[in-house]
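**Q** Turn this into a structure:
(2 chains)
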Protein chains: 2
Amino acid sequence: MKVCIVGFGSVGQGVARVMEMKKDELQKEYGLDLELVAALDRSGAAINPEGLDIKQLLVTKKLTGKVSEYPEYGEEGVSGLEVLMDKVEYHCLIEVTPTNIEDGEPALSHILKAMKDGKDVVTSNKGPLALKFKEIAQAARDNGVQFKYEASVGGAMPIINFAHENLSASKIESIYGILNGTTNYILSRMVKEGSSYEQTLNEAQAMGIAETDPTQDVEGEDAACKVVILANSILKMDVTYDDVEVTGISQITPESIALAKKEGYLIKLIGEVSPESLEVSPRLVKEGSPFAVEGTLNVATLKTDLADDVTVVGKGAGSIETASAILSDLISIWKTK
Amino acid sequence: MKVCIVGFGSVGQGVARVMEMKKDELQKEYGLDLELVAALDRSGAAINPEGLDIKQLLVTKKLTGKVSEYPEYGEEGVSGLEVLMDKVEYHCLIEVTPTNIEDGEPALSHILKAMKDGKDVVTSNKGPLALKFKEIAQAARDNGVQFKYEASVGGAMPIINFAHENLSASKIESIYGILNGTTNYILSRMVKEGSSYEQTLNEAQAMGIAETDPTQDVEGEDAACKVVILANSILKMDVTYDDVEVTGISQITPESIALAKKEGYLIKLIGEVSPESLEVSPRLVKEGSPFAVEGTLNVATLKTDLADDVTVVGKGAGSIETASAILSDLISIWKTK
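**A** Numbering: from 1, shown residues only, chains lettered A, B, ... in the order given. Next up is the predicted model:
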């Protein structure tokens, strides 16, 4: 199974790394021989129809910051679409460029192009899913290809395949979740330390948990993308980013946290997905409930008709963790071949 | 798809009820036409090769306590093995007789007989799995049939199929879990009320959460069965009930709970499944961790090499909840036909 990784940042490198780590196991357990034939980043591409040497690729990226510096097979300035056009034969596109919630590009074009050519697609990219879910799902059906995106919501917290496969007997009526690890970290620290929002954000930035521009996380945009994906994918709704009501955590004070704590509650940034409401906002959750988790963990509770509430908890981010979700998607595609 | 339900207590009736509730959806979504051709309890059987009327069966059981009183098709005194022998044609056995951890009977014989005849088997029964996992798995392979047992661990907390399917990229190294809802309820109440073990157990019995003879729950036997099932099924070990070291919760005092609480910990009955240790015992868990859940909830954390810790939380018991896990297993069997 020949794959292209488009986007070679933290997640893309993670995927390459787990492909290398799990090479023998995949072969032994599933008879799956994954071959990386192209990797792309902003600099260009490394392309070898016979398979790239992953170790060499990772070292090249680490030392030069560019996959196009890959010896012999590096090509500077070539774009994702050009590679997918006709540069190399492959079976599955792994689309892991950074999320763009303005127009979903360039990921959207990559995904649609691959599908049109009859290729399966695995992605962690929230942009195209939050903006054009219906079109992409339709393109997958029209072209008879598989489309998997477990890693787009919650990194290593499996929820999408989980809802589709393990809860197949139950109707999922709504989903409530802590869908962003950075805000959960900040709110947990504010509870523990009694510190202000600004101070805690600064600490989180210093630790690399929050980004230099933390807007997507703290203003709830990242969580809102995930709400859209869950609504379309699991609740079979037809909605986009603009349908979500979003409030972030920047207005939360140590006083309100202390007040909640006194009554046995915590404040968390909750994404709500139900036919009546698509919302991201700070909410009170009970101590002792599955939502009372700390740190960068993500949580989602699926309210079902038969199984009552079922909750999953996992790491919401991390290069290897997210890559593991992508690899599980690849295995699941392979199993149906 | 014709099914027999052997055992018509709380779980068996729940299965019949969800088959009836979901009839149209199963037909529409999966093209699955489930037909109940036999139901058995201690009194005998109700058998109709053309399909039993589920509403009538449930009413009969409710009014008389006996499926053998089912009009026209009831048969008094007939045993499970006799029915499976040649009384009726069927595709899948649903084995939901009460758990027996002495010798696993009569469930063990039912399961092996069905497999020998080339029938798929779904069960919630922990006895045969805790005692003879290897033999049953081998019988399933030898006869080319499917064997599913999601409901045997954690009722509506999906863990077995979850580990096999959604975490396929990761190696699962160990599992820690609150695998018994009754003990979690008792310990949670002791924390909240500062009450003694005996008093809290009495209350739980009055509420129907603990059984009149609570031994299997409070002495950790039920959790130990689940440890064995997880060890064999997910960690691919080859162990039985006697390999588990078991300590229950009856020695826990309000003082020890208060002491733990003061330091930010809770006491929970934890099942540990790892190549080094199979154990059920009271342990300290941190407040704010995914293990700090209250009430009758079950929790399990899977420690993996790639995805880090992934946790699932769900109702550990309940007639409809457990039945939903059985129905998911049936759907999964149907999907591969």
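**Q** Let's verify A:Thr301: helix, strand, or coil?
**A** Here A:Thr301 is recorded as strand under DSSP: H, G, I helix; E, B strand; the rest coil.
**Q** ignore the last one, A:Lys113
**A** Reduced to three states by three-state DSSP, A:Lys113 is helix.
**Q** any idea how far the residue nearest to it when sequence neighbours are not counted lies from B:Gly118?
**A** Using C-beta to C-beta, 6 or more residues apart in numbering or on different chains and skipping residues adjacent in sequence, the residue nearest A:Lys113 is A:Leu84, 5.1 Å away. All C-beta spots, glycine's among them, are computed from the backbone N, C-alpha and C. Counting by C-beta to C-beta, to the nearest Å, the gap from A:Leu84 to B:Gly118 is 47 Å.
**Q** so how far is the helix or strand where A:Leu269 lies from its chain's centroid?
**A** In the assignment (DSSP states H and E), A:Leu269 maps to strand A:265-274. Centroid displacement of strand A:265-274 relative to its chain, using C-alpha atoms, centre = their mean, to the nearest Å, is 19 Å.
**Q** Over to stretch A:313-326?
**A** Using C-alpha atoms, centre = their mean, the offset of stretch A:313-326 from its chain centre is 8 Å.
**Q** residues in contact with the residue nearest to A:Lys113?
**A** Residues in contact with A:Leu84 (C-beta atoms under 8 Å, 6 or more residues apart in numbering or on different chains) are A:4, A:6, A:93, A:110, A:113-114, A:117.
**Q** before we move on, what about A:Lys262?
**A** For A:Lys262, no contacting residues are found, by C-beta under 8 Å, 6+ apart.
**Q** distance of the residue nearest to A:Lys113 from chain B?
**A** Relative to chain B, A:Leu84 is positioned 24 Å away (C-beta to the nearest C-beta, to the nearest Å).
**Q** now do A:Ala169
**A** In terms of C-beta to the nearest C-beta, A:Ala169 sits 4 Å off from chain B.
**Q** how would you label the residue nearest to A:Lys113: helix, strand or coil?
**A** Per three-state DSSP, A:Leu84 ends up helix.
**Q** do the same with the one 5 residues further on
**A** Reducing the assignment to helix, strand or coil with three-state DSSP, the entry for A:Glu89 is coil.
**Q** next one: phi and psi at it?
**A** phi -90, psi 130 (degrees, to the nearest 10).
**Q** what's around it, how many residues?
**A** When neighbours are counted by other C-beta atoms under 10 Å in any protein chain shown, A:Glu89 registers 11.
**Q** A:Pro49 is in contact with that one, correct?
**A** Yes: assessed by C-beta atoms under 8 Å, A:Glu89 is found in contact with A:Pro49 at 6.3 Å.
**Q** between the two, what contacts are shared?
**A** In contact with both A:Glu89 and A:Pro49: A:Val37, using C-beta under 8 Å, 6+ apart.
**Q** Return the distance of A:Ser195 relative to B:Glu29.
**A** In terms of C-beta to C-beta, A:Ser195 sits 50 Å off from B:Glu29.
**Q** Looking at these two, which has the bigger crowd around it?
**A** Just comparing A:Ser195 and B:Glu29: by other C-beta under 10 Å the higher neighbour count belongs to A:Ser195, 17 against 11.
**Q** Which of the helices or strands spans the more buried one?
**A** Using DSSP H and E, A:Ser195 falls outside every helix and strand.
**Q** what's the spatially most central residue of chain A sitting at in phi/psi?
**A** Among the residues of chain A, the one closest to the centroid is A:Ser152, at 2.4 Å (C-alpha atoms, centre = their mean). Per-residue torsions, A:Ser152: phi -70, psi -20 (degrees, to the nearest 10).
**Q** follow-up on the earlier one: the contacts of A:Leu84, buried ones only, as a ChimeraX selection?
**A** Applying 16 or more other C-beta atoms under 10 Å in any protein chain shown to the contacts of A:Leu84, the buried members can be selected in ChimeraX as follows:
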select /A:4,6,93,110,113,114
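**Q** now for the contacts of A:Leu84, which pair is the farthest apart?
**A** Spanning the widest gap among these are A:Val6 and A:Asp117, at 13.7 Å by C-beta to C-beta.
**Q** gap between the residue of chain A most remote from its centre and chain B?
**A** What lies farthest from the middle of chain A is A:Lys262; by C-alpha atoms, centre = their mean that is 35.1 Å. In this view, A:Lys262 and chain B are 16 Å apart by C-beta to the nearest C-beta.
**Q** repeat for A:Lys134
**A** For A:Lys134, the distance to chain B - C-beta to the nearest C-beta - is 20 Å.
**Q** And A:Lys23, by the same measure?
**A** Separation of A:Lys23 from chain B (C-beta to the nearest C-beta): 12 Å.
**Q** Looking at the stretch 1-150 of chain A, which residue is nearest chain B?
**A** Ranking the residues of the stretch 1-150 of chain A by distance to chain B (C-beta to the nearest C-beta) places A:Val18 first, at 6.0 Å.
**Q** ok, now which ones touch the closest residue to that residue other than its chain neighbours?
**A** Nearest non-adjacent residue to A:Val18, counting by C-beta to C-beta, 6+ apart: A:Ala323, 4.6 Å away. By C-beta under 8 Å, 6+ apart, A:Ala323 lies in contact with A:11, A:14-15, A:17-18, A:151, B:306.
**Q** Swap in 6 Å and give it another go.
**A** Shown in contact with A:Ala323 (C-beta atoms under 6 Å, 6 or more residues apart in numbering or on different chains): A:14-15, A:18.
**Q** buried ones in stretch A:101-120?
**A** For stretch A:101-120, the neighbour count (16+ other C-beta under 10 Å) marks A:101, A:104, A:106-115, A:119-120 as buried.
**Q** any chance of those in JSON lines, plus pLDDT and distance to A:Phe162?
**A** Listed next are the buried residues of stretch A:101-120 as JSON lines, based on pLDDT from 0 to 100; distance: C-beta to C-beta, whole Å:
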{"residue": "A:Ile101", "pLDDT": "88", "distance to A:Phe162": "25"}
{"residue": "A:Gly104", "pLDDT": "94", "distance to A:Phe162": "25"}
{"residue": "A:Pro106", "pLDDT": "95", "distance to A:Phe162": "30"}
{"residue": "A:Ala107", "pLDDT": "96", "distance to A:Phe162": "24"}
{"residue": "A:Leu108", "pLDDT": "97", "distance to A:Phe162": "26"}
{"residue": "A:Ser109", "pLDDT": "96", "distance to A:Phe162": "30"}
{"residue": "A:His110", "pLDDT": "96", "distance to A:Phe162": "26"}
{"residue": "A:Ile111", "pLDDT": "97", "distance to A:Phe162": "23"}
{"residue": "A:Leu112", "pLDDT": "97", "distance to A:Phe162": "27"}
{"residue": "A:Lys113", "pLDDT": "96", "distance to A:Phe162": "29"}
{"residue": "A:Ala114", "pLDDT": "96", "distance to A:Phe162": "25"}
{"residue": "A:Met115", "pLDDT": "97", "distance to A:Phe162": "24"}
{"residue": "A:Lys119", "pLDDT": "96", "distance to A:Phe162": "25"}
{"residue": "A:Asp120", "pLDDT": "97", "distance to A:Phe162": "20"}
